[in-house]
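Engineer: no sequence on hand, only this structure:
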């Protein structure tokens, strides 16, 4: 199970594209509102209805926790105490984490970036304490997946699919979605 967390002001494409790619591969993804309502307003005024509220899950079945970026979405994620606790517990259990755009700042604020190769939206690398900022579109270091910004949304999804389903499945999705023609 992959949990994707939605906060007010999240970057819509950075949430929807990776979720779409993962679901096409047959991965179970559950969207979670960290607000007190299922409908969460994105940074560009697009409302998205989450599958559940944060408090309705225990996250013990999580294989990955995924944080879309956007502002103020990323700072809203970082301010959510319960989410921060879930990320730390998940990391300590040796499970995968993913974030895109500004959202890797949450991992930096939690002290999880030390010694990692990471990417994020330009200007947010200052929050990746102790990490090596690569500026790559998508970066994977062990069980930490990061994307640079909106243009990395599909690529991050394919990297997650490759991790859970294998390269052949990710390559098949890329071909079917005309990704290789870019």
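Structural biologist: Received the coordinates, thanks. Bear in mind that the values here come from a model prediction, so they are computed numbers and not experimental data.
Engineer: so where do the strands sit in this protein?
Structural biologist: Here the chain has its strands, by DSSP state E, at 2-6, 29-33, 39-41, 47-49, 52-53, 64-67, 96-100, 117-118, 132-133, 138-141, 144-147.
Engineer: helices and strands around the first one, which ones?
Structural biologist: When contacts are defined as 3 or more CB pairs under 8 Å, 6 or more residues apart in numbering; DSSP states H and E, strand 2-6 sits against helix 12-24, strand 29-33, strand 64-67. Quick note: C-beta positions are derived from backbone N, CA and C, even for glycine.
Engineer: helices and strands around the longest one, which ones?
Structural biologist: Read it as helix 12-24. strand 2-6, strand 29-33, strand 47-49, strand 96-100, helix 153-165, helix 167-176.
Engineer: let me see the mean pLDDT of the first one.
Structural biologist: The predicted model gives strand 2-6 an average pLDDT of 98.
Engineer: flag the shaky bits of this structure, pLDDT-wise.
Structural biologist: For the chain, the stretches flagged by pLDDT under 70 are 182.
Engineer: give me the contacts around stretch 60-67.
Structural biologist: 1-5, 18-19, 29, 59, 74, 77, 86-87, 90, 95-100, 103-104, 106, 145, 160, 164 (CB atoms under 8 Å, 6 or more residues apart in numbering).
Engineer: show me which of those are buried.
Structural biologist: 2-5, 18-19, 29, 59, 74, 77, 86-87, 90, 96-100, 103-104, 106, 145, 160, 164 (16 or more other CB atoms under 10 Å).
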